[in-house]
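In: Would you be able to build a 3D model of this:
(chains A and B)
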Number of protein chains: 2
Amino acid sequence: MSGEDAPAQEQNAVDQKQETKPAEEPKPEPPKTESAPDAAEAAATPAAAAATAEGKAAEEEEEAFAYRALVLTGYGGYDKVKLQVKKGRPALKADDVLVRVKACGLNFADLMARQGLYDRLPSPPFTPGMECSGLVEAVGEEVTDRKVGDKVMVLNRFGLWQEVAVVPASHTFLIPEGMGFEEAAALPVNYITAYMMLFDFGNLRPNQSVLVHAAAGGVGIAATQLCKTVKDVTVFGTASASKHETIGEGGVTHPIDYRTKDYVEEVRKISPKGLDIILDPLGGSDTHKAYNLLKPMGKLITYGTSNMLAGQKKNLLAVAKNWYHQFSIHTLSLIQGNKSVCGFHLGYLDGEMELITQVMNTVLDLYKQGKVKPRIDSTWHLEQVGDAMRKMQERNNIGKLVSSETFVPTSTRSRKEPRRFKDSYFFSPIRNDRDEEAVEGPWRTKNCWQEAPAAN
Amino acid sequence: MSGEDAPAQEQNAVDQKQETKPAEEPKPEPPKTESAPDAAEAAATPAAAAATAEGKAAEEEEEAFAYRALVLTGYGGYDKVKLQVKKGRPALKADDVLVRVKACGLNFADLMARQGLYDRLPSPPFTPGMECSGLVEAVGEEVTDRKVGDKVMVLNRFGLWQEVAVVPASHTFLIPEGMGFEEAAALPVNYITAYMMLFDFGNLRPNQSVLVHAAAGGVGIAATQLCKTVKDVTVFGTASASKHETIGEGGVTHPIDYRTKDYVEEVRKISPKGLDIILDPLGGSDTHKAYNLLKPMGKLITYGTSNMLAGQKKNLLAVAKNWYHQFSIHTLSLIQGNKSVCGFHLGYLDGEMELITQVMNTVLDLYKQGKVKPRIDSTWHLEQVGDAMRKMQERNNIGKLVSSETFVPTSTRSRKEPRRFKDSYFFSPIRNDRDEEAVEGPWRTKNCWQEAPAAN
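Out: The predicted structure is shown next:
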């Protein structure tokens, strides 16, 4: 399925939809002189002829510019995501940057998107992908804080699973020294999500208890690491038994095998009064359980409906069941229970890039201090996106899946053969000396909102 | 209605219901000697006769011990709260203290209680009152951190509107130097409520915006003062126009007259994106408005249903209307909005005295620093409780109503005439130099949970 030609311009058009600002030509027009001849005269002069030749060359170069992109061609199974070739250099608006993509991250929301269960995206065909890393190859005329050659990670609503991506510069973050492209592609969605849930809605403090569902998943691992930055936090984490050793090493205090045990009972055995914070990516009846498992002043933060996902195509029964069991809460119940119910989805926060940038900077500080580190489960070629999606959907991963190092500029006409399936996963073991260091959490020593400029 | 005799022992029995621990005799029994004679013999000896005489004297003293108490005799209007005399010294359990009450605070929940709209109380007759201040007059045998003569403020589910109150020592807090009994009686409920809402659920940070309904009420004034301890927080406060100057001086950035203007429109004019935190004591349709007025990552904290209160007796139409408009929220809506909905009621937190004590200590630190100070609207005699309730229910107060200095020990049989209505309110002007000082809020410099012992 690699190398299919695709209507690249059309695709670009779709990708640009998200930007509401009018398109601008990034290159400034040459200033007209007082005595400028009219267009007909200009064409007759030698200077103008040279300009025309230049324009033709540029056009040809433009046409030669091509890159591979994953395209969701319709809702359904893994085969609906196809690798195609887009042609033509995408236009940059004044505040855009063009990124040569080196690695992309795969998220659970991408699985939802493929089945048509995520409403913040255009209709197919379009290029999915919410995060990637790469090199800045061109900048729009008003961009001052990024330059050609910068290594960046990118966060966008969609459109990043391709070798070349054009995004507003504000959606990029400089990759710190020592972080590879794979790590950089694995970081934004999971760590921003986990950070905002735990430290904004959750207000996590020392001595508290947290339940992390899917503790071996991308958000689960990020959340566990962030919990360990706060003193004496007890982490309950659900995962199948085979992953317990790994998540235990990663900081989960009490791993629970949700496939063989009732996690509510297991939690109650250890924490009879319930929990301070519950992160719920499941939805449906699990949200009800979570609510009942909260302590007074406890916070339930729901951030997905993964229970809707059963099989590779949309399962109407699973969707209906989830909808039927959808959690709904009356304020009187909240008042009497002294409880908080929060919803989080990074995909709906794309109007809040200032806030997200603050969070990202804090996460990157924690990374530099060695307190958080994305765990890469495995790397895949773009062609293998179907297999990668299957692995995530069947919950066989521990940590993040990324597509990596498959991006070869096609404009040079020297595209290498895609590499073979890379079955030697590389792991980024989670540091175990974190516990000793974790005396002070970010809420205490450095809160990402501490120096925030006025929001209003 | 003052001075009626009442079944004091029965009342005591009701008051003790809340304590599940078995009643214990506070005075240790004299240790028996090895050669102790049996009871019949003992009665015949001169020593025993002396003991019997002593016992009789104690009984007489016990009978002479009497004190005045407000009693809710049934649900209904202001006249349902009657002043009665209770007789007999209440028994102390090992961890109890007996407090000679000097001042009591009146809360909105007391108005709800009178109408039978608050379900955490025994059936009438019982003595209402959730907070008071006074002097410790006796301590149970296991009490080590309170002694006779200590000035304390008290927080309890009910039972504090009387001249003598017996409560667990853990429900008392030492009054700091320089704080009068009236202030002390006005502080616990309002400031603990406001603090926990803003800094636990709300996670208030610099540059954020807060809507405080009933900004001239007890919680409203406490919340405004606490908001000003955090840098550059914008406070929108609703109150009738006559109170705007006062609440403006107190720290409300934008006072809104909810009687003549649509507060949603007024807020949107200044903060088009909405608000970070909304404190909602109203319930019903106002909770819907609040939810829609939240920014992404905004928190709605609902802590009452004062919209249910229309007239001095239970208004079934108002209750039904509130119930009909009761806010109910689906998690999918929360997820898509990135919003949080929290419920708070201190009355349901009486199992969490450790947490409440931490909060109280932080509030008292802020008091000592001059950053918070209860504002007394007016003081009343116990006999005037009906008038005081009316004033609060008709929203004619600015700040707290307390009953004060009306408590005269009746055991000496020298009860003074109740004083006349005290129409010279004493105000505790809110400091206006707070803005300059408010560089660092409690969430930043000293969080009450910072040194919390392990919760699990």
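In: CA atoms for contacts and neighbours, from now on please.
Out: Will do.
In: I figured A:Met308 was touching A:Val319, is that so?
Out: Yes. Counting by CA atoms under 8 Å, A:Met308 touches A:Val319, with 4.8 Å between them.
In: Comparing those two, which shows the higher neighbour count?
Out: A:Met308 (22 against 19; other CA atoms under 10 Å in any protein chain shown).
In: Check what contacts stretch A:162-171 and list those residues.
Out: For stretch A:162-171, the surrounding residues in contact (CA atoms under 8 Å, 6 or more residues apart in numbering or on different chains) are A:67-70, A:90, A:92, A:95-102, A:127, A:143, A:145-146, A:154-156, A:159, A:353, A:407-409.
In: Quick check: end-to-end length of it?
Out: For stretch A:162-171, the first-to-last residue distance is 16 Å (CA to CA, to the nearest Å).
In: How far does it sit from its chain's centre?
Out: 13 Å (CA atoms, centre = their mean, to the nearest Å).
In: Kindly report the same for stretch A:396-403.
Out: Per CA atoms, centre = their mean, the displacement of stretch A:396-403 from the mean C-alpha position of its chain is 13 Å.
In: CA atoms only: put it into CSV for me.
Out: Only the C-alpha atoms of stretch A:396-403 are listed here, as CSV (Å, rounded to 0.1, in the frame of the first residue of the first chain):
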residue,chain,number,x,y,z
ASN,A,396,-0.3,-5.6,23.7
ASN,A,397,1.9,-2.5,24.2
ILE,A,398,3.8,-1.2,27.2
GLY,A,399,4.3,2.4,26.5
LYS,A,400,4.2,4.3,23.3
LEU,A,401,4.1,3.2,19.7
VAL,A,402,5.9,5.5,17.2
SER,A,403,6.5,5.5,13.5
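In: what's next to it, contact-wise?
Out: A:103-106, A:182, A:185-186, A:216-218, A:221, A:243, A:374-382, A:385, A:388, A:391-392.
In: now, which of the residues you listed lie within helices?
Out: Those of these mapping onto helices are A:182, A:185-186, A:218, A:221, A:385, A:388, A:391-392, per DSSP state H.
In: So which residue is dead centre in chain A?
Out: A:Val189 (3.4 Å; CA atoms, centre = their mean).
In: Next, give phi and psi for the residue lying closest to that one once chain neighbours are set aside.
Out: Setting aside the residues directly before and after it, A:Val189 is nearest to A:Glu131 in space (CA to CA, 6 or more residues apart in numbering or on different chains), at 6.9 Å. When read as degrees, to the nearest 10, the backbone of A:Glu131 gives phi -150, psi 150.
In: Can you name the residues bridging to A:Glu131?
Out: A:Leu155 (DSSP bridges).
In: Contact partners for it?
Out: By CA under 8 Å, 6+ apart, the contact list for A:Glu131 reads A:104-106, A:153-156, A:160, A:185-186, A:188-189.
In: Roughly how far does it sit from B:Phe173?
Out: Using CA to CA, A:Glu131 is found at 52 Å from B:Phe173.
In: again with A:Phe236
Out: Plainly put, A:Phe236 is 35 Å away from B:Phe173 if you go by CA to CA.
In: Between these two, tell me which one has more neighbours.
Out: A:Phe236 (25 against 21).
In: Can you pull the poorly scored residue ranges out of chain A?
Out: Within chain A, the stretches with pLDDT under 70 are A:1-51, A:62-63, A:310, A:324, A:405-456.
In: mind running it again at 50?
Out: Within chain A, the ranges that satisfy pLDDT under 50 run A:1-43, A:406-456.
In: how many neighbours does the residue in the stretch 101-250 of chain A positioned nearest to chain B have?
Out: Nearest residue of the stretch 101-250 of chain A to chain B: A:Asn207, at 4.9 Å (CA to the nearest CA). A:Asn207 has 20 neighbours, counted by other CA under 10 Å.
In: Can you tell me the SS state at it?
Out: Secondary structure assignment for A:Asn207 (DSSP: H, G, I helix; E, B strand; the rest coil): coil.
In: doesn't A:Lys231 make contact with it?
Out: Yes. At 6.6 Å, A:Asn207 and A:Lys231 qualify as touching, with contact defined as CA under 8 Å.
In: With just CA atoms, put stretch A:360-379 into CSV.
Out: Presented in CSV, the C-alpha positions along stretch A:360-379 are these (Å, rounded to 0.1, in the frame of the first residue of the first chain):
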residue,chain,number,x,y,z
MET,A,360,4.8,21.6,28.0
ASN,A,361,7.6,23.7,29.3
THR,A,362,7.1,22.2,32.8
VAL,A,363,7.1,18.7,31.4
LEU,A,364,10.3,19.4,29.5
ASP,A,365,11.9,20.7,32.8
LEU,A,366,10.9,17.5,34.5
TYR,A,367,12.4,15.6,31.5
LYS,A,368,15.7,17.5,31.9
GLN,A,369,15.7,16.6,35.6
GLY,A,370,15.3,13.0,34.7
LYS,A,371,12.0,12.7,36.4
VAL,A,372,9.9,11.8,33.4
LYS,A,373,10.9,9.9,30.3
PRO,A,374,8.6,8.5,27.6
ARG,A,375,8.8,4.7,27.3
ILE,A,376,8.9,3.5,23.7
ASP,A,377,7.1,0.2,23.3
SER,A,378,8.1,-0.2,19.6
THR,A,379,8.9,1.6,16.4
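In: does chain B sit close to that stretch?
Out: No. Stretch A:360-379 stays clear of chain B (CA under 8 Å from any CA of the partner chain), getting no nearer than 15.6 Å.
In: Over to stretch A:314-332?
Out: Yes. On the criterion CA under 8 Å from any CA, stretch A:314-332 is in touch with chain B at A:326-332.
In: buried stuff in stretch A:130-147?
Out: Neighbour counts over stretch A:130-147 (16 or more other CA atoms under 10 Å in any protein chain shown) mark A:130-141, A:143, A:146-147 as buried.
In: can I see the domain layout of chain A?
Out: In the assignment given by the TED database, the structural domains of chain A cover A:63-186, A:188-362.
In: Reformat those domains into CSV and put distance to B:Thr287 next to each item.
Out: Converted to CSV, the domains of chain A look like this (distance: least, CA to CA, whole Å):
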stretch, distance to B:Thr287
domain A:63-186, 27
domain A:188-362, 9
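In: ok, A:Asp365 - how many residues close by?
Out: Residues near A:Asp365, counting by other CA under 10 Å, number 17.
In: Chain B contacts on the stretch 51-200 of chain A?
Out: Contacts of the stretch 51-200 of chain A with chain B, taken as CA under 8 Å from any CA, map to A:Asp200.
In: What segments of the stretch 51-200 of chain A are strands?
Out: A:66-72, A:81-87, A:96-105, A:131-139, A:151-155, A:164-168, A:172-174 (DSSP state E, counting those that start in this stretch).
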